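Participant: sequence and predicted structure are below.
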Amino acid sequence: MRCRHCQAGLNHVFLDLGYAPPSNAYLSEAELHAPEVTFPLKLYVCDQCWLVQTIDYSRADELFAHDYAYFSSTSQSWLQHAADYADMISKRLSLSQRSFVIEVASNDGYLLKNFLSAGVPCLGIEPTSSTAVAAQELGIPVMQEFFGAQTARHLLQEGKQADLICGNNVYAHVPDINDFTEGLEIALKEGGTITLEFPHLMRLIQHTQFDTVYHEHFSYLSLTSATSIFSKAGLRIYDVQELPTHGGSLRLFGCREADPRPTEPAVSEMLKREEDFGLLDLRLYKDFQGKANTVKNNFLAFLLEQKELGKSVAAYGAAAKGNTLINYAGLKTDIIDFVCDAAPSKQGKFLPGSHIPILPPDQLAARQPDWVVILPWNLSEEIIKQHGNAVTSWGGQFAVAVPKMAILA
Ligand SMILES: [Zn+2]
C-alpha cells in the first residue's frame, strides 16, 4: 500500500474500527432481508507527508456510490455558515459582476445562491443529479460531474477560469486528491483564490472524534499535509483560518505558487502549532486507538446502565458519524429503538449495519423515549433548540457520546 499523495509506503495504522458498511448505504425494508457488504474501516498515517488516509479498495467507486443524496440546505446552521462565508469572501476579494466563482461539490446550491443574489456569475460542479437539479431550479448553472484535472481542462478550453474556486467539505472526500488539486490549479484565473474547508486532523485527535471516520472520507488533513499536496500542484497556501464547523475545521486560502500575494503569518503559526501538538511524530498516532476505545466503551457502559434501569433510548440524526459510532460499538435495536432524522429521504429506511429504523422527528413526541442520544454532536445546539422543550416535557434527556459521554441540559 502506498500513500495516496506522496507514494511512500504506508506502514503505520492510525485507527482500526473493524468492518463497516458504507456509511450512507441506508437500507430499505426489502434490503434488510439481503446480505450486506462491509469493508475494513482502517486508517493509515503516512510518515513522509503525514496524510492520514483510508486504504484503497477495488471497486470502491462503484461500492461507495449510493443513490442517497445529502441536501446541505437541510441544516439551518450550515446555511448560515455558507451565507457568512459568501459575505466575507466577496468583501475580501472584491467580487463583482465581472468576477467568476466556481464551487466544487455545489450540492443543492446552498452556497452559490448567495453569489447569485449578489449578481456574481457562478458555476456549480456537482455529480449527484438530485442535488444538482435542486440548484438549477434556483437558477444556478451546474455541470453535473466529478471535479478533477480533466474537468478543469474542459473549463479552460471554454475560456472558463475562476477568480474564486471554493470547496467546502469536499477535499477530504476526494479519492484522488492530487488530481483534484491539479484541477484547482488549472481552473484558477491568474491572481485568483482557492478556498477549501475540511475537518482538521488536529481537532479529530484532540477531541477523539473517531466517529468522523468512514470509508467515503478518504483523507484526514492537516495544514502540514495540505501544504505538501498544494505544493505538488504548483499552488501555495497564503492564509488559513480555524472554524468551529464539524468539530473544528480549517479554511485554506490558496493561490498559484508565483502569485505576488504574501503568505500571512497565520500559516507558519498553524504549522508550528501542528508540530507542537505532535502531528509530525508517530507516537501521537499510535496512542489514538486506545482513546477511541475508551470513548466507545464509556458509551456502551452508559447504555447498558440505562437499559438495566428499564429506560428507553432513541437517537437523533442519521448521519455518517452516527453510523460509525453505532457500528463500532456493535449496537442494534435491542439497545437503541429508533433514530429520528429531519431528512424525508432517510425516513422509513434503516441505518446500515445496525438496521435501526429511521423515523421522522415527530415520532419523538409519539414515543417519548427516556434518552435521546444526539449522534451528530456538532449539531447538538440546533437539535436541542428544536426539540428540547418537547423532550423535557415528558422527562426525557439528551446525551452525546463524543468527545466523551455527557448528559446535555
Ligand atoms: Zn505521504
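Facilitator: Arrived safely.

Participant: grab the longest strand from the protein for me.
Facilitator: strand 188-199 (DSSP state E).

Participant: what strands line up against that one, and which way round?
Facilitator: Paired strands of strand 188-199, with direction, are strand 162-168 (parallel), strand 249-256 (antiparallel) (DSSP bridges).

Participant: so for the very next helix or strand once past the last one, what gets flagged as buried?
Facilitator: What that stands for is strand 249-256. Downstream of strand 249-256, the first helix or strand assigned by DSSP states H and E is helix 265-277. Neighbour counts using 16 or more other Cβ atoms under 10 Å place 266, 267, 270, 271, 274 of helix 265-277 among the buried residues. C-beta coordinates here come from the backbone N, C-alpha and C atoms, glycine included.

Participant: swap in stretch 232-244?
Facilitator: By neighbour count on 16+ other Cβ under 10 Å, the buried set for stretch 232-244 is 232, 233, 235, 236, 237, 238, 239, 240, 243.

Participant: so who does the fifth one touch?
Facilitator: In other words, residue 237. The contact partners of residue 237, by Cβ atoms under 8 Å, 6 or more residues apart in numbering, come to 223, 226, 227, 230, 252, 253, 254, 263, 267.

Participant: would you say it is within a strand?
Facilitator: Yes - using DSSP: H, G, I helix; E, B strand; the rest coil, the assignment for residue 237 is a strand.

Participant: distance of it from residue 132?
Facilitator: Per Cβ to Cβ, to the nearest Å, residue 237 is found 29 Å from residue 132.

Participant: equivalent analysis for the last one, please.
Facilitator: When distance is defined by Cβ to Cβ, residue 243 is 26 Å away from residue 132.

Participant: now the fourth one
Facilitator: Relative to residue 132, residue 236 is positioned 31 Å away (Cβ to Cβ).

Participant: quick one, helices of the chain?
Facilitator: In the chain, the helices defined using DSSP state H lie at 60-64, 76-92, 112-117, 129-137, 149-157, 177-187, 201-206, 223-232, 265-277, 282-286, 288-308, 320-329, 362-367, 380-393.

Participant: now these in JSON lines, with mean pLDDT?
Facilitator: As requested, the helices of the chain are arranged in JSON lines below (pLDDT from 0 to 100):
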{"stretch": "helix 60-64", "mean pLDDT": "57"}
{"stretch": "helix 76-92", "mean pLDDT": "94"}
{"stretch": "helix 112-117", "mean pLDDT": "97"}
{"stretch": "helix 129-137", "mean pLDDT": "93"}
{"stretch": "helix 149-157", "mean pLDDT": "97"}
{"stretch": "helix 177-187", "mean pLDDT": "98"}
{"stretch": "helix 201-206", "mean pLDDT": "98"}
{"stretch": "helix 223-232", "mean pLDDT": "98"}
{"stretch": "helix 265-277", "mean pLDDT": "98"}
{"stretch": "helix 282-286", "mean pLDDT": "97"}
{"stretch": "helix 288-308", "mean pLDDT": "98"}
{"stretch": "helix 320-329", "mean pLDDT": "94"}
{"stretch": "helix 362-367", "mean pLDDT": "96"}
{"stretch": "helix 380-393", "mean pLDDT": "94"}
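
Participant: coming back round to it: of the contacts of residue 237, grab the buried ones for ChimeraX.
Facilitator: A single ChimeraX command selects the buried members of these (16+ other Cβ under 10 Å):
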select :223,226,227,230,252,253,254,267
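
Participant: JSON lines please, covering the contacts of residue 237 and showing distance to residue 1.
Facilitator: Formatted as JSON lines, the contacts of residue 237 follow (distance: Cβ to Cβ, whole Å):
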{"residue": "223", "distance to residue 1": "24"}
{"residue": "226", "distance to residue 1": "21"}
{"residue": "227", "distance to residue 1": "23"}
{"residue": "230", "distance to residue 1": "24"}
{"residue": "252", "distance to residue 1": "27"}
{"residue": "253", "distance to residue 1": "32"}
{"residue": "254", "distance to residue 1": "28"}
{"residue": "263", "distance to residue 1": "33"}
{"residue": "267", "distance to residue 1": "31"}
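
Participant: how about the contacts of residue 237, which pair is most distant?
Facilitator: Greatest spacing in these, by Cβ to Cβ: 226 and 263 (13.6 Å).

Participant: find the centremost residue of this structure, please.
Facilitator: By Cα atoms, centre = their mean, the chain has its centre lying nearest to residue 169, at 5.3 Å.

Participant: OK, contacts around it?
Facilitator: 105, 197, 198, 199, 246.

Participant: nearest to the ion, of those?
Facilitator: Nearest to the ion, judged by Cβ to the ion, of those is residue 198 at 16.7 Å.

Participant: which of the strands paired with strand 188-199 sits most buried?
Facilitator: Stretch with highest mean neighbour count among these: strand 162-168 (a mean of 24; mean count of other Cβ atoms under 10 Å).

Participant: pull the CA atoms of that strand into CSV?
Facilitator: Only the C-alpha atoms of strand 162-168 are listed here, as CSV (Å, rounded to 0.1, in the frame of the first residue of the first chain):
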residue,chain,number,x,y,z
ALA,A,162,-12.4,31.4,-11.8
ASP,A,163,-11.5,34.3,-9.6
LEU,A,164,-12.7,32.2,-6.7
ILE,A,165,-12.9,28.4,-6.5
CYS,A,166,-14.4,27.2,-3.3
GLY,A,167,-14.9,23.7,-1.9
ASN,A,168,-16.5,23.2,1.5
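
Participant: the inter-axis angle of that strand versus helix 177-187?
Facilitator: 150 degrees (axes from the mean of the first three to the mean of the last three Cα atoms, to 10 degrees).
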